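**Student:** predicted model, plus sequence, below.
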Amino acid sequence: MNVSLNKNNTTVARVKLLIGGEWVESQTTEWLDVVNPATQEVLAHVPFATAAEVDAAVAAAQKAFTTWRHTPIGVRMRIMLKLQALIREHSKRIAVVLSAEQGKTIADAEGDIFRGLEVVEHACSIGTLQMGEFAENVAGGVDTYTLRQPIGVCAGITPFNFPAMIPLWMFPMAIACGNTFVLKPSEQDPMSTMLLVELAVEAGVPAGVLNVVHGGKEVVDGICTHKDIKAVSFVGSTAVGTHVYDLAGKHGKRVQSMMGAKNHAVVLPDANREQTLNALVGAGFGAAGQRCMATSAVVMVGAAKQWIPDLKALAQKLKVNAGSEAGTDVGPVISRRAKQRILDLIESGVQEGATLELDGRNITVAGFEEGNFVGPTLFTGVTTDMQIYTQEIFGPVLVVLEVDTLDQAIALVNANPFGNGVGLFTQSGAAARKFQSEIDVGQVGINIPIPVPVPFFSFTGSRGSKLGDLGPYGKQVVQFYTQTKTVTSRWFDDDSVNDGVNTTINLR
């Protein structure tokens, strides 16, 4: 694709498709601008692929699967080893592109890449992860063993907020398991994703094993309904995730759909005050709140509510600026549309009676006056029926609720329809044990605000935040991308005693 940032009013690049190992310029008539959210500069044009181009990508993957599935595990592992080395080598260059198209700070962009890189490193262990089981002599002279075999063409649909991490959650593990893959990156910021795809090709991923198409709903629906795609992995909004799960499921595909969130942080009065406040501000306002694991609701228990002035004072110190600028804490949100939605929700909080302690509206950044900036915003006096609590704001807005006891906090969190992540801040082991046992949320942090597990474990959102029983990466994703075949065998030599006809179901 030869990605370059358009800073000198030069011809804007067109993002290409990858089909069967060839970089292809789409024949579509529909294109979308990739816009720098801090400047509104058009960085590139991304195509909405035609139905024929989606079919061609799937056909290339189907053809490649006939040989890739038989590629030795050691070969697949070495490609993953090469890929992780290339990502390390080029991570700073990719981070600059990612920051420009998504708005994150450079440091956060590097973190985005690193958390994806960890999954690539885990894919290097596929030889161990894909092992089956064996039991000798389960009956007289009978052995039983299992094989974990690839399932075919898989597909991934990724969101705008992590254009490096989420694609790297998907295609490396899928192809390391012996499948082929069709990737549909976010149309809002595909450039950094494509740089990673280029590195995968350079690492030795054969033609057709990894393919890329771009687009919106029509392309998503084409993936979900295509007869030759066996599994679909999705990360993104609840509305789209539910649609993907239902549509792909109706067409006989395996689906994992990681969706929206309203992540809580429960603060007990005995928590380490300084560490807790730092964690709340970082998790609430980092990446401009555009993380599916961002802390968006703080539940102050008892006397912990006395910390609110300190929480406000710390949030006020955060620097809002373009992600490319040194010292930036909070960059722009992804689009003008996203900014307006956030502003509307903030206004709803005011109208519904919450106390606006810190107002991030009407912020202007010198030199970036056209940027999609919303400053850190803090509400107190929030109740569970307000839109700022019931809706996923996906912006730098933190809402504070108050309860008297830990039991009340647990009940409040469990009553929320989302179940992505939750944190408890305390120095009591008994309270922590009670909390982790009774809370109905997929990822639980104890004195950790964003409890995203490392790749040795699986991402485990629950309830309204996840559809499908197997999560991305970790051991669970190996189950998702493989099918288990059980073989029961018995061998006879020429001197074996003939047992005669056996009409029962028993093995003897």
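**Tutor:** Ah, there it is. Numbers count the residues shown, from 1 in each chain.
**Student:** can you pull out the helices in the stretch 401-508 of the chain?
**Tutor:** Secondary structure of the stretch 401-508 of the chain by DSSP state H, counting those that start in this stretch: the helices cover 406-415, 429-438, 474-480.
**Student:** now for the second one, which elements pack on it?
**Tutor:** Same thing as helix 429-438. Contacts defined by 3 or more Cβ pairs under 8 Å, 6 or more residues apart in numbering; DSSP states H and E place helix 429-438 against helix 406-415, strand 421-425, strand 443-446. To be clear about C-beta, it is placed using only N, CA and C from the backbone, and glycine gets the same treatment.
**Student:** tell me which of the ones you listed sits nearest to residue 170.
**Tutor:** Nearest to residue 170, of all the helices and strands packed on helix 429-438, is strand 443-446, at 18.6 Å by Cβ to Cβ.
**Student:** the closest one pairs with which strands, parallel or anti?
**Tutor:** Here strand 443-446 is paired, per DSSP bridges, with strand 421-425 (parallel).
**Student:** other residues contacting the strand it pairs with?
**Tutor:** Under the criterion Cβ atoms under 8 Å, 6 or more residues apart in numbering, residues 261, 263-268, 271-272, 276, 279, 283, 293, 295, 413, 431-432, 435-436, 439, 441-452, 461 lie in contact with strand 421-425.
**Student:** if I pick the spatially most central residue of the chain, what's in contact with it?
**Tutor:** By Cα atoms, centre = their mean, the mean C-alpha position of the chain lies nearest to residue 166, the distance being 4.2 Å. Shown in contact with residue 166 (Cβ under 8 Å, 6+ apart): 116, 156, 158, 159, 235.
**Student:** state the number of residues packed around the last one.
**Tutor:** By the criterion of other Cβ atoms under 10 Å, residue 235 has 26 neighbours.
**Student:** okay, now the domains of the protein?
**Tutor:** Domain segmentation of the chain under automatic domain parsing yields 13-259+465-486, 263-446.
**Student:** wait, which of the ones you listed is closest to residue 498?
**Tutor:** Go through these one by one with Cβ to Cβ and the one that ends up closest to residue 498 is domain 13-259+465-486, at 13.2 Å.
**Student:** quick one: average pLDDT of that closest one?
**Tutor:** Taken as a whole, domain 13-259+465-486 has a mean pLDDT of 96.
**Student:** how distant is that domain from the center of its chain?
**Tutor:** For domain 13-259+465-486, the separation from the chain centroid amounts to 11 Å (computed by Cα atoms, centre = their mean, to the nearest Å).
**Student:** do stretch 429-436 as well
**Tutor:** Mean C-alpha position of stretch 429-436 versus that of the full chain (Cα atoms, centre = their mean) differs by 28 Å.
**Student:** so what touches it?
**Tutor:** Looking at what lies outside stretch 429-436 - Cβ under 8 Å, 6+ apart - the contacts are 266, 268, 270, 406, 410, 424, 426, 444, 446.
**Student:** that one: which residues count as buried?
**Tutor:** Going by neighbour count (16 or more other Cβ atoms under 10 Å), the buried part of stretch 429-436 is 431, 432, 435.
**Student:** closest to residue 230 among those?
**Tutor:** The shortest gap between residue 230 and any of the buried residues of stretch 429-436 belongs to residue 435, at 39.0 Å (Cβ to Cβ).
**Student:** ok so, going back, just the contacts of residue 166: which are in helices?
**Tutor:** Within these, membership in helices is found for residue 116, as judged by DSSP state H.
**Student:** which one of the contacts of residue 166 is nearest to residue 379?
**Tutor:** Distance to residue 379, by Cβ to Cβ, is smallest for residue 159 among the contacts of residue 166, at 25.4 Å.
**Student:** how close does that closest one sit to residue 67?
**Tutor:** For residue 159, the distance to residue 67 equals 32 Å [Cβ to Cβ, to the nearest Å].
**Student:** swap in residue 432?
**Tutor:** Separation of residue 432 from residue 67 (Cβ to Cβ) stands at 51 Å.
**Student:** what's the answer for residue 286, then?
**Tutor:** Using Cβ to Cβ, we find residue 286 at a distance of 44 Å from residue 67.
**Student:** neighbour count winner among those two?
**Tutor:** Using other Cβ under 10 Å as the criterion, residue 286 and residue 67 rank with residue 286 on top: 24 against 12.
**Student:** burial of residue 295, as a residue count?
**Tutor:** Other residues near residue 295 come to 27 when the count uses other Cβ under 10 Å.
**Student:** the closest residue in space to it that isn't next to it in sequence: what's it in contact with?
**Tutor:** On the basis of Cβ to Cβ, 6 or more residues apart in numbering, the spatially nearest residue to residue 295 that is not a chain neighbour turns out to be residue 283, at 3.9 Å. Residue 283 is in contact with 265, 293, 294, 295, 423, 449, 450, counting by Cβ under 8 Å, 6+ apart.
**Student:** could you list which of those belong to strands?
**Tutor:** When the contacts of residue 283 are checked against strands using DSSP state E, the ones located there are 265, 295, 423.
**Student:** hmm, back to that, got the buried residues of stretch 429-436 as a markdown table, with pLDDT and distance to residue 396 columns?
**Tutor:** Output for these, formatted as a markdown table (pLDDT from 0 to 100; distance: Cβ to Cβ, whole Å):
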| residue | pLDDT | distance to residue 396 |
| --- | --- | --- |
| 431 | 98 | 29 |
| 432 | 97 | 28 |
| 435 | 97 | 27 |
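**Student:** and which of those residues is nearest residue 336?
**Tutor:** Proximity of those to residue 336 was ranked by Cβ to Cβ; the top entry is residue 435 with 39.9 Å.
**Student:** quick check: the closest one vs residue 237, distance?
**Tutor:** 28 Å.
**Student:** where does the stretch 401-508 of the chain dip in pLDDT?
**Tutor:** Along the stretch 401-508 of the chain, the model assigns pLDDT under 70 to residues 496-497, 505-508.
**Student:** ok, 90 please
**Tutor:** Residues of the stretch 401-508 of the chain that meet the criterion pLDDT under 90 lie in 419, 450-465, 469-475, 492-508.
**Student:** circling back to that earlier point, would CSV of the domains of the chain with distance to residue 495 be doable?
**Tutor:** Written out in CSV, the entries for the domains of the chain read as follows (distance: least, Cβ to Cβ, whole Å):
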stretch, distance to residue 495
domain 13-259+465-486, 13
domain 263-446, 58
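**Student:** got the end-to-end distance for stretch 172-183?
**Tutor:** 11 Å (Cα to Cα, to the nearest Å).
**Student:** remind me which residues of the stretch 251-400 of the chain are low pLDDT?
**Tutor:** Residue ranges of the stretch 251-400 of the chain with pLDDT under 90: none are present.
**Student:** was I right about residue 332 contacting residue 37?
**Tutor:** Yes: if you go by Cβ atoms under 8 Å, residue 332 and residue 37 touch, sitting 4.1 Å apart.
**Student:** joint contacts of those two?
**Tutor:** When contacts are counted by Cβ under 8 Å, 6+ apart, the set common to residue 332 and residue 37 consists of 103, 371, 372.
**Student:** phi, psi of the first one?
**Tutor:** For residue 103, the backbone dihedrals (degrees, to the nearest 10) come out as phi 100, psi -10.
**Student:** run a quick neighbour tally on it.
**Tutor:** As a measure of burial, residue 103 has 33 neighbours, counting by other Cβ under 10 Å.
**Student:** and the last one, by the same measure?
**Tutor:** The local packing count at residue 372 equals 25, with neighbours defined by other Cβ under 10 Å.
**Student:** for it, what are its contacts?
**Tutor:** Taking Cβ under 8 Å, 6+ apart as the definition, contacts of residue 372 comprise 37, 38, 103, 332, 333, 334, 335, 336, 338, 339.
**Student:** if I read this right, the first one contacts residue 337, doesn't it?
**Tutor:** No: applying Cβ under 8 Å, one finds residue 37 not in contact with residue 337, separated by 10.9 Å.
**Student:** quick one: residues contacting the closest residue to residue 180 other than its chain neighbours.
**Tutor:** Among residues not flanking residue 180 along the chain, residue 61 sits closest, at 3.9 Å (Cβ to Cβ, 6+ apart). Residue 61 makes contact with 153, 180, 181, 182, 208, 209, 211, 228 under the criterion Cβ under 8 Å, 6+ apart.
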